[in-house]
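**Student:** Everything below, folded, please.
(one chain, ligands or ions: 3)
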Amino acid sequence: MEKLAAFYFSGTGNTLFIAGKLCEALSSKYSYEIFDIADAYTNLDCAAKLRQKAAEADVIMLAFPIYGSSPPIPMRAFVHGLNKLLCDKKVILAETQYFFSGDGAASIGRTVRQYGGIVIGAEHFNMPNNLSDCKVFGIKNDEAIKKTVAKATKKLDDFAATLLSGKATKKGFSLFPHAIGYFCQRKFWRKEEAKKRTKLKVDYSRCTGCGLCAQKCPVCNMGIKNGKAIALNKCVLCYRCVNLCPNKAISIIGTEPPKTQYKGIPKY
Ligand SMILES: Cc1cc2nc3c(=O)[nH]c(=O)nc-3n(C[C@H](O)[C@H](O)[C@H](O)COP(=O)(O)O)c2cc1C
Ligand code: SF4
Ligand code: SF4
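**Tutor:** Ligands and ions are numbered 1, 2, ... in the order given. Predicted coordinates for the structure are as follows:
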């Protein structure tokens, strides 16, 4: 059996769900291990360990949510950290999104190729929205997301079958998706991203200092000072804390905290 190392970043669980299911669907050909790359982003020893795992694998999977047609900052850092290890390595890309990225998978796939990696399949999976403090995008939970998750699961099974037969799609690599991903979103997002990383807001009339945000932040951006949550300036915009805070005290892109939080994928 070939070895598959799946590396994922996931703020609210959608991408972890896809990475896990995709590995299961490929298990007739691959023995697999799944790793959270957030650990590598904050810990040098862990980064070295994950690079070792990548070096030993026959195939690498990179799974990530899309933010403004861009991969999350930790995934970009992870791929640059792999650099020469990617040379001649087979790579599967799995991107999750609410509805649109253009070239989401290719946005990291092009970097993979620059380092000599061989993309053997790339796919986009529409999943529930987690951007909960922006009124234009609604938040759905529980039964209301069942159809979306079922559709993504079906797409995932089809993608796995094509990967196993060696004829998988490589979504996002042609000129048109590249152009719309860049001109409709990424060009503007990268500037916004840099600004928003430092703009997390805590509504102190709501925050009880429970510490959950600090406990769960994948990149240790949150802390507690004088009984209230504080943010450092290194948020990677994953929206985990915004959706988990029991008092809906946190917002980032929106001007107010969310009315409804995304709860993640239920166990049906
Ligand atoms: C800051 C931010 C930006 C996002 N931008 C996009 C986007 O450009 N296009 C899109 O379809 N979904 C967008 N989304 C939605 C997420 O990509 C989607 O819900 C994803 O599946 C979340 O994955 P996760 O649960 O693994 O974190 C965005 C979410 C966040 C938090
Ligand atoms: S999770 Fe919410 S209530 Fe708890 S410390 Fe963080 S901001 Fe405050
Ligand atoms: S502060 Fe919140 S949104 Fe930012 S990286 Fe941490 S958990 Fe994610």
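
**Student:** Low-confidence ranges, this structure, go.
**Tutor:** Within the chain, the segments meeting pLDDT under 70 span 268.

**Student:** interface residues of it facing ligand 2?
**Tutor:** When proximity is defined by CB under 6 Å from any ligand atom, the chain lies next to ligand 2 at 202, 207-213, 229, 245-247, 249-250. Quick note: C-beta positions are derived from backbone N, CA and C, even for glycine.

**Student:** could you point out which element follows the one helix or strand residue 157 maps to?
**Tutor:** Element membership of residue 157 [criterion: DSSP states H and E] is helix 146-165. Remark: after helix 146-165, the chain's next helix or strand is helix 175-181, criterion DSSP H and E.

**Student:** Name the residues of that following helix that are buried.
**Tutor:** 177, 178, 180, 181 (16 or more other CB atoms under 10 Å).

**Student:** Return the distance of the closest residue to residue 220 other than its chain neighbours relative to ligand 2.
**Tutor:** What sits nearest to residue 220 in space, not counting adjacent residues and going by CB to CB, 6 or more residues apart in numbering, is residue 42, at 5.6 Å. Distance, residue 42 to ligand 2, by CB to the nearest ligand atom, to the nearest Å: 18 Å.

**Student:** which ones are touching residue 42?
**Tutor:** Residues in contact with residue 42 (CB atoms under 8 Å, 6 or more residues apart in numbering) are 218, 219, 220.

**Student:** In CSV, list those along with distance to residue 191.
**Tutor:** Formatted as CSV, those follow (distance: CB to CB, whole Å):
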residue, distance to residue 191
218, 23
219, 20
220, 25
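
**Student:** from those residues, which is closest to residue 4?
**Tutor:** When the contacts of residue 42 are compared for distance to residue 4 (CB to CB), residue 218 wins out at 22.7 Å.

**Student:** Show the contacting residues for that closest one.
**Tutor:** 9, 11, 36, 38, 41, 42, 74, 236, 238, 240 are the contacts of residue 218 under CB under 8 Å, 6+ apart.

**Student:** Near ligand 3, which residues of the protein? Just list them.
**Tutor:** Residues of the chain lying near ligand 3 (CB under 6 Å from any ligand atom): 11, 200, 217-219, 221-222, 231, 235-242.

**Student:** which among the contacts of residue 218 end up buried?
**Tutor:** 9, 11, 36, 38, 41, 74, 236, 238, 240.

**Student:** how long is stretch 256-266 from one end to the other?
**Tutor:** Across its full length, stretch 256-266 reaches 26 Å between end residues, using CA to CA, to the nearest Å.

**Student:** One more: stretch 29-46?
**Tutor:** Note: stretch 29-46 ends 27 Å apart using CA to CA.

**Student:** Likewise for stretch 236-247?
**Tutor:** 21 Å.

**Student:** Mind checking if it is in reach of ligand 1?
**Tutor:** Yes. Residues of stretch 236-247 are located near ligand 1 by CB under 6 Å from any ligand atom, namely 237, 238, 239.

**Student:** Stretch 191-201 too?
**Tutor:** No. On the criterion CB under 6 Å from any ligand atom, stretch 191-201 is out of touch with ligand 1, staying 7.6 Å away.

**Student:** Buried residues in that stretch, which are they?
**Tutor:** Quick answer for stretch 191-201 (16+ other CB under 10 Å): 192, 193, 196, 197, 200, 201.

**Student:** Would you mind checking which of the buried residues of helix 175-181 is nearest to residue 65?
**Tutor:** For the buried residues of helix 175-181, the nearest to residue 65 is residue 181 (14.6 Å; CB to CB).

**Student:** Touching, residue 25 and residue 155? I think so.
**Tutor:** No. The criterion here is CB atoms under 8 Å, and residue 25 misses it with residue 155 at 11.0 Å.

**Student:** ok, now how distant is residue 233 from residue 15?
**Tutor:** Between residue 233 and residue 15 the distance, using CB to CB, to the nearest Å, works out to 25 Å.

**Student:** Looking at these two, which one has more neighbours?
**Tutor:** residue 15 (24 against 9; other CB atoms under 10 Å).

**Student:** what about that one, helix or strand, and which?
**Tutor:** Assigned by DSSP H and E, residue 15 falls in helix 14-25.
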